[in-house]
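Take this sequence and fold it.
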Amino acid sequence: MGKIVWLASYPKSGNTWLRAFLHNLLRNPNEPYNINHLTDFTLSDSQVRWFHLFDQRPGSELTKEEVAALRPKVHERMTKSSRDSVFVKTHNALVEAHGVPMVTMAHTAGAIYVVRNPLDVVISHSHHYGLSIDDSIGALNTPRLESINDDTHVYEHHGSWSEHVMSWTRQPSPGLHVVRYEDMLDAPIKTFGGIAAFLGLKPPRERLKKAIKLSSFKVLREQEKRQGFIERSTNTEHFFREGRAGQWRRLLTPEQIEALVSVHREQMARFGYLPPDRPR
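Predicted structure coming up:
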């Protein structure tokens, strides 16, 4: 039995890209690892099937308090799925909700947290959830924001973008590795190599470069085009849409930029996300 290594991020911040990289690095395939098999190494803490191990009712019939009470049991069961460490994707903030921690520390070995500029997150968020940009700004700005229970997923506690980022990153820890989405794009060898090193891996440089190439956004998008992607939202035509940084410069109005910066200035400044004309 292993413990959980959390792959954590606010929604639409690069979690799936991270998971694809880990599969291509660990399995070392000659062809890109199938994006529809990303559960081979990485579980998801919101899938209702894990909660059905303890309560067979449809997810939509469970209360949030009932789901919260089951979380520690689910996390323990996840650790029993492998003798080694278990990678678990989460979009939950590192907080307590409905009287229970969203992350069970007793079953935790560590975490990789991916942070992305909220000015770009909001654009991907709007496409994924089928919202207007202004409605997605409202979501990123809403304290203690939660999703609902349905028949495939239990609720997630996102909080606002700043609450989410702060919950995971305010307390430095040897068991926590924080990476920026933008560095995954601009400095892939250093950034993905740092992820591997955090996990105690020492892949040869060529194997690392190969894993990065096989999980590039271009490759992921081409796979989705050919075979579809089971994690794609029904609200959007493509899951892998742009995969670039800085889209906000041409897609957001000054008012929309200010709506985000005014709420998230402190955390944006910490990670170098403030627009040049916005003082710290």
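
Show me what the helix or strand harbouring residue 136 is packed up against.
In this assignment (DSSP states H and E), residue 136 forms part of helix 133-140. If contacts are counted by 3 or more C-beta pairs under 8 Å, 6 or more residues apart in numbering; DSSP states H and E, helix 133-140 sits against helix 118-129, helix 254-270. Heads up, the C-betas are built off the backbone N, CA and C, glycines and all.

Name the residues of stretch 72-91 that are buried.
Using 16 or more other C-beta atoms under 10 Å as the test for burial, stretch 72-91 gives 72, 74, 75, 77, 78, 79, 86, 87, 88, 89, 90, 91.

Kindly apply the preceding question to stretch 132-148 instead.
133, 136, 137, 139, 140, 141, 145, 146, 147.

Mind putting those residues into TSV with distance to residue 50 and pLDDT?
What follows is the buried residues of stretch 132-148, written out as TSV (distance: C-beta to C-beta, whole Å; pLDDT from 0 to 100):
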residue	distance to residue 50	pLDDT
133	34	96
136	28	97
137	32	98
139	25	97
140	27	98
141	31	98
145	22	98
146	18	97
147	16	96
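
and the angle for the helix holding residue 136 with helix 118-129?
Computed by axes from the mean of the first three to the mean of the last three C-alpha atoms, to 10 degrees, the angle separating helix 133-140 from helix 118-129 equals 110 degrees.

Helix 133-140: what's the following helix or strand?
helix 161-169.

any idea how far that next one is from the chain center?
Put simply, helix 161-169 sits 12 Å off its chain's centre (C-alpha atoms, centre = their mean, to the nearest Å).

what about residue 199, distance to residue 18?
Note on residue 199: its distance to residue 18, by C-beta to C-beta, to the nearest Å, is 11 Å.

Which of those two has more residues huddled nearby?
Using other C-beta atoms under 10 Å, the more surrounded residue of residue 199 and residue 18 is residue 18, with 25 against 18.

Which helix or strand contains that one?
Counting by DSSP H and E, residue 18 is part of helix 15-27.

I'd like the buried residues of stretch 72-91 as JSON lines, with pLDDT appended.
Shown next, in JSON lines, are those (pLDDT from 0 to 100):
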{"residue": "72", "pLDDT": "97"}
{"residue": "74", "pLDDT": "97"}
{"residue": "75", "pLDDT": "98"}
{"residue": "77", "pLDDT": "96"}
{"residue": "78", "pLDDT": "96"}
{"residue": "79", "pLDDT": "95"}
{"residue": "86", "pLDDT": "93"}
{"residue": "87", "pLDDT": "95"}
{"residue": "88", "pLDDT": "96"}
{"residue": "89", "pLDDT": "95"}
{"residue": "90", "pLDDT": "97"}
{"residue": "91", "pLDDT": "97"}
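
what ranges of this structure fall below the confidence cut-off?
By pLDDT under 70, the low-scoring segments of the chain are 1, 33-37, 223-243, 278-280.

hey, which strand is longest across it?
Longest strand of the chain, by residue count under DSSP state E: strand 108-115.

Parallel or antiparallel, list what pairs with that strand.
strand 4-9 (parallel), strand 176-180 (parallel) (DSSP bridges).

Please identify the buried residues of it?
Within strand 108-115, the residues that count as buried by 16+ other C-beta under 10 Å are 108, 110, 111, 112, 113, 114, 115.
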